[in-house]
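**Student:** Give me coordinates for this.
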Amino acid sequence: MTVTDRGLLIAVAGGVLNLAVMTLHSQPIIATAAADQSGGLGVLGIWALVLVGPWLLGAIPTHMYADHGVVCPLLATGVLTGACLWNGITAPPSESLTSLYYEAWPFFLVVLVVAGIAEQCLRTGHAVDSNRSSQE
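**Tutor:** Below you'll find the model as predicted:
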């Protein structure tokens, strides 16, 4: 198994783990959203968002960690998923953070990727050095 295959396998496992945790936790929210749709493409769209979002939020940060050693997105995903679980246990369903997680996952994904790119740039020294540019 090559390093790339290993990284992809770890990323898929991270995505499946995040998807499993979020799906098991949010069954009432998913059932309510699916019941509001009349059937057909509406339900398919709900399930696509429910399955794709948490999987990507788990897989992409895990891949960034496995292949590039970037820690920040994976930690942020853990905090976000943990906050959803904690909020789901302690708060009433109408105030659940999980609904926001499912509705705004593209935003969270962009923030995680930007944070990962910034961390990678800082680690490799590709960040803008203001002292070096002012001395020239």
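**Student:** name the helices or strands packed onto the longest helix that the chain contains?
**Tutor:** For the chain, the helix with the greatest residue count under DSSP state H is helix 41-68. In terms of contacts (3 or more C-beta pairs under 8 Å, 6 or more residues apart in numbering; DSSP states H and E), helix 41-68 is packed against helix 3-25, helix 27-36, helix 72-90, helix 97-103, helix 105-124. From N, CA and C alone the C-beta is placed, and that goes for glycine too.
**Student:** which residues of the protein score low on pLDDT?
**Tutor:** 1, 3, 26-44, 93-95, 127-136 (pLDDT under 70).
**Student:** repeat that for 90
**Tutor:** 1-8, 19-53, 67-68, 82-105, 123-136 (pLDDT under 90).
**Student:** Point me to the residue sitting closest to the centre of this structure.
**Tutor:** By C-alpha atoms, centre = their mean, the chain has its centre lying nearest to Leu57, at 1.9 Å.
**Student:** doesn't Val110 make contact with that one?
**Tutor:** No - assessed by C-beta atoms under 8 Å, Leu57 is found out of contact with Val110, at 11.0 Å.
**Student:** Can you add mean neighbour count and distance to Ile46 and give the helices and strands packed on helix 41-68 back as CSV?
**Tutor:** As requested, the helices and strands packed on helix 41-68 are arranged in CSV below (neighbours: other C-beta atoms under 10 Å; distance: least, C-beta to C-beta, whole Å):
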stretch, mean neighbour count, distance to Ile46
helix 3-25, 16, 13
helix 27-36, 13, 5
helix 72-90, 16, 18
helix 97-103, 17, 9
helix 105-124, 15, 13
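**Student:** any chance of those helices in TSV, plus distance to Leu49?
**Tutor:** Converted to TSV, those look like this (distance: least, C-beta to C-beta, whole Å):
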stretch	distance to Leu49
helix 3-25	12
helix 27-36	9
helix 72-90	15
helix 97-103	6
helix 105-124	8
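**Student:** closest to Val50 out of those helices?
**Tutor:** Closest of the helices and strands packed on helix 41-68 to Val50 is helix 27-36, at 5.5 Å (criterion: C-beta to C-beta).
**Student:** what's the span of stretch 91-103, first residue to last?
**Tutor:** Stretch 91-103 has an end-to-end distance of 18 Å (criterion: C-alpha to C-alpha, to the nearest Å).
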